[in-house]
Structure formats: C-alpha cells, structure tokens
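[1] No letters, just coordinates:
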C-alpha cells in the first residue's frame, strides 16, 4: 500500500507523464482539478453520460475515477439521487477548519523537530516561488498548486508522522484544497498569508516547535475567520448549487 506522500507525488508525476496514464487516471485527475477549482460547482449532480462524452472515455474507467473521487471526499453518493460534488454547509466547513487548525498545528510542531536542513531549504525555495506568483504580487490570490509545491503539504510530510500524513495528505487534502482555492482571492489576504508562511518556516528553522505550532494555528484560524466573514457578507451558507454535469 502506498504511503500518503507517495500517493500525492504520483498524482504530480502522472500529470507530467500524461501519455503513460490510464484512462481512469486521466479522468480522475481532470475531474478532480475541475472540482477543486470550482469549474464543477459544489452540489452539482455528476452525470456519467455527460462526463463520458466530455472526456471521451468509457463508463468503466469513468466509474473507477468516480470511486476514487469518493475516496477523496470530493463527491458523495446519495441514495435515489445519484452522485454529487460535495457541498459542505456552513457548520461543516467551519468544523473542517477547526480540525485543520489542531492537526496542522501538531504537524508544524513535529516538523520543527524532524525536518532536515535540506527539507527546510526546500520549504524556503517553494515560498520564494510563491512570491513570484502574479496573483500574490497583485495581492489578489495565493499560489494554489498541490503536493511538493504546497507549503502546507511539505510541512505535514516534514512532521514524519504517517498518521497525520494520511489524514491531511490523503483523506482531507483535496477537500481542503477545494475550499482553500475558493477563498484564496479575498482582498489583502494573499500577502498576509504569505507573511504568515514566512514566519512559520522561520520558527521551524529555529527548531521552535511551540512557536511553529502557535503560528500555524493562528494562520488557519485567520483563514477560518476570513471564510466566516466572506460567507456572512455573501449571505452564503455554502449550500448546494443544484446544477447537473
């Protein structure tokens, strides 16, 4: 059985290798990306016929892709209603962020103890790449690539705790990305988030696990409060969009 880290890396490598992918792999990654980016909206009913036609693949590979999306918690199968893109209500979304705050805070403290100097240097390199992102420069959006290009992912892997890696890089990773992507465009939040990442990495480099955990918890708490404000302003309780694809 693959570790969470190997599983996440395979997704990235498969994207680069393209032609070596199976039909199921290709369908899975394309549909997953569309869901995470909001191109297929929360609550949308998944039509196998539409997706089969859109991606030009048979029902067998498509059904395998949908099964994998269920495992990533991006789609849910509802009795007598078919398969729909997950749509967390307000309480569920805030609950997810409270879980992130606790688990990623713990991962950050462990990362300060367990990351090698080379791994910390890699963290700094990724942050420097984020700094060049046009959306961040304009303070309109944050860099949202996954896996080895994601600060949060790298820190969780740096914790060297397989249980945390499984929970945060496998079970919840793409679901969290879906909502991180959705709320990454809040005015002024991108540069603030970048500064918070910088301080977190410095605490890890200083081997100050207590500070690293506190800063990560504050970082995720700030994101949660941002979501609460956004939803209140929009009068949006993250309800189902009710469309069909």
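    Okay, I see it. For clarity, every value in this text was computed on a predicted model and none was experimentally measured. Residues are numbered from 1 along each chain as shown.

[2] Any stretches of this protein with poor pLDDT?
    For the chain, the stretches with pLDDT under 70 are 1-21, 143, 236-245.

[3] Find the centremost residue of it, please.
    Nearest to the mean C-alpha position of the chain, counting by CA atoms, centre = their mean, stands residue 177 at 2.2 Å.

[4] what about it, which helix or strand?
    helix 173-182 (DSSP states H and E).

[5] Identify each buried residue in that helix, please.
    173-182 (16 or more other CB atoms under 10 Å). (Glycine included, C-beta is placed from N, CA and C.)

[6] Against which helices or strands is that helix packed?
    helix 23-36, helix 90-114 (3 or more CB pairs under 8 Å, 6 or more residues apart in numbering; DSSP states H and E).

[7] Tell me the buried residues in the first one?
    Across helix 23-36, burial judged by 16+ other CB under 10 Å covers 23-32, 34-36.

[8] could you give the angle of that helix to helix 173-182?
    Put simply, helix 23-36 runs at 40 degrees to helix 173-182, going by axes from the mean of the first three to the mean of the last three CA atoms, to 10 degrees.

[9] Give the next helix or strand downstream of helix 23-36.
    strand 45-46.

[10] starting at the chain centroid, how far to the helix or strand following that next one?
    Next along the chain after strand 45-46, taking DSSP H and E as the criterion, comes helix 48-55. Computed by CA atoms, centre = their mean, to the nearest Å, the separation of helix 48-55 from the middle of its chain amounts to 25 Å.

[11] Assign a three-state SS to the residue of the chain positioned farthest from its centre, would you?
    Of all residues in the chain, residue 80 has its C-alpha farthest from the mean position, at 29.5 Å, by CA atoms, centre = their mean. Under DSSP: H, G, I helix; E, B strand; the rest coil, residue 80 falls in the coil class.

[12] just residue 73 next, same as before
    Three-state assignment for residue 73 (three-state DSSP): coil.

[13] ok, now how distant is the residue lying closest to it once chain neighbours are set aside from residue 33?
    Closest residue in space to residue 73, ignoring its immediate chain neighbours: residue 175 at 4.6 Å, by CB to CB, 6 or more residues apart in numbering. With distances taken as CB to CB, to the nearest Å, residue 175 is found 14 Å from residue 33.

[14] List the contacts of the residue farthest from the centre of the chain.
    Not one residue lies near residue 80 by CB atoms under 8 Å, 6 or more residues apart in numbering.

[15] All further residue positions should be reported with the first residue as 50.
    Okay, using 50 as the starting number, the last item reads as residue 129.

[16] tell me the phi and psi of it?
    When read as degrees, to the nearest 10, the backbone of residue 129 gives phi 70, psi 10.

[17] correct me, but the residue nearest to the centre of the chain touches residue 85?
    Yes. If you go by CB atoms under 8 Å, residue 226 and residue 85 touch, sitting 5.1 Å apart.

[18] list the residues that contact both of those two?
    Joint contacts of residue 226 and residue 85 (CB under 8 Å, 6+ apart) do not exist.

[19] on that earlier part again, now the residue nearest to the centre of the chain: how far from residue 199?
    Taken as CB to CB, the span from residue 226 to residue 199 is 8 Å.
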